[in-house]
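**Q** make a model of this:
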Amino acid sequence: MLPDYKSCDGNGFGCYDNTMEVVIISQLNEKIRILLHNREWTQAELAKKLNVAPTTVQKWVSGKNTPTIQTLKELCSLFSVSYKYMLDDGSEIPKYIEVGTVDPRVRFFEQRDDSLHILVDASLKRNALLHRFKNATGDDCSAIYIGRIEQWWTYREDEARMIKDWNELFV
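**A** You can find the predicted model right below:
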């Protein structure tokens, strides 16, 4: 006999056996944790964006619970990833790793007076590197550089979409 629709995780994900539940929870919680890290968001910031309690996000990240289907769709939209991508155990989300900094006196873009650039390995194609910085007005920004030439830039909240678009451009 199949279990009740909500019996596996209490959130409507449902599953046919306990093994499937463990796979979904373990993969999904790790993806949420990495996406939070990549965006430099705290669990509390994500909770606020989704209008849920911080303890709810903490349970997702720890694997004690999973988001509802509607909330998962909102997560996908926030992180600019597909619903299938979040649930597919075979797809991995690369973790962005800080690889260095560049002195703010080094000019990258003629019209820009930016702060210190944090260099991040975001698995970009064409040997590009992600730079994180504050612009002259103090906004958190990200840019894709090849060498010292800026290719694209955006505000930090749109960074994931910029990275996705960049990598899809060079498939």
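
**Q** where do the strands sit along this structure?
**A** Assigned by DSSP state E, the chain shows strands spanning 97-102, 117-121, 129-134, 140-146, 149-155.

**Q** can you list phi and psi of the nearest residue to Cys141 once chain neighbours are set aside for me?
**A** Using CB to CB, 6 or more residues apart in numbering and skipping residues adjacent in sequence, the residue nearest Cys141 is Asn135, 5.0 Å away. Heads up, the C-betas are built off the backbone N, CA and C, glycines and all. In terms of degrees, to the nearest 10, the main-chain angles of Asn135 are phi -80, psi -180.

**Q** Asn135: how many residues sit nearby?
**A** Using other CB atoms under 10 Å, Asn135 has 15 neighbouring residues.

**Q** that one contacts Ser142, correct?
**A** No - counting by CB atoms under 8 Å, Asn135 stays clear of Ser142, with 10.5 Å between them.

**Q** quick one: low-confidence ranges for the protein?
**A** Along the chain, segments meeting pLDDT under 70 span 1-26, 89-95, 97-114.

**Q** give me the most central residue, it.
**A** Residue closest to the average C-alpha location in the chain (CA atoms, centre = their mean): Leu35, at 2.8 Å.

**Q** please name the nearest non-neighbouring residue to that one.
**A** Distances taken as CB to CB, 6+ apart place Phe79 nearest to Leu35, at 4.7 Å, with adjacent residues excluded.

**Q** my read: the one you found touches Ala160, true?
**A** Yes - the pair Phe79 / Ala160 is scored as a contact, 5.8 Å apart, by CB under 8 Å.

**Q** need the residues touching each of those two.
**A** Residues touching both Phe79 and Ala160 (CB atoms under 8 Å, 6 or more residues apart in numbering) are 35, 39.

**Q** domain map for the chain?
**A** According to automatic domain parsing, the chain comprises the domains 18-87, 97-169.

**Q** re the thing from before, list the contacts of the residue nearest to the centre of the chain.
**A** Shown in contact with Leu35 (CB under 8 Å, 6+ apart): 75, 79, 81, 93, 160.
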